[in-house]
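1. Provide a 3D model corresponding to the input given below.
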Amino acid sequence: MTRLVHIGFGNMAASDRIVAIINPSSAPLRRLRDEARAAGLLVDATQGRKTRSVLIMDSRHVIISAIQPETLSARFGEADGEECRDKETEAPL
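-> Next up is the predicted model:
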């Protein structure tokens, strides 16, 4: 069964198809995003907000999200059954 990861604003991605979750600040990632857009393989899940992470899928699709890579990584771990905790939402002891 395919597990879905919440990537922001009600959008989901299949966790078993994600190859990488990357910070979009480098020039090569900007080129990758532009090439994906030209090839029709870009999925924009930012809802008009600033791009904070880029998800590379095994189907060559590129998904851009407004959620931080660390947050997506924690959600990805939860979807795979690992006990990852998001430090921002963790209650103090």
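
2. Nearest spatial neighbour of Arg30, chain-adjacent residues omitted?
-> Excluding the flanking residues, the one nearest Arg30 by Cβ to Cβ, 6 or more residues apart in numbering is Pro24, at 7.2 Å. All C-beta atoms are positioned from the backbone trio N, CA, C, and that covers glycine.

3. where does the protein dip in pLDDT?
-> Flagging of the chain using pLDDT under 70 yields the residue ranges 79-93.

4. cutoff 90 now
-> 1-2, 76-93 (pLDDT under 90).

5. What is the end-to-end distance of stretch 8-15?
-> Its start and end residues considered, stretch 8-15 measures 14 Å (Cα to Cα, to the nearest Å).

6. Which residues in it does the neighbour count mark as buried?
-> By 16 or more other Cβ atoms under 10 Å, the buried positions in stretch 8-15 come out as 8, 11, 13, 15.

7. Next up, the contacts around the second one.
-> The one in question is Asn11. 45, 65 (Cβ atoms under 8 Å, 6 or more residues apart in numbering).

8. Could you count how many residues lie near the residue nearest to Ala66 when sequence neighbours are not counted?
-> Nearest residue to Ala66, sequence neighbours excluded (Cβ to Cβ, 6+ apart): Arg49, at 3.9 Å. Around Arg49 there are 12 other residues, counting by other Cβ atoms under 10 Å.

9. How about Asn23?
-> 13.

10. cool, the one 10 residues further on as well?
-> A count of nearby residues for Arg33, using other Cβ under 10 Å, gives 17.

11. Quick one: mark the members of the buried residues of stretch 8-15 that sit in strands.
-> 8, 11, 13 (DSSP state E).
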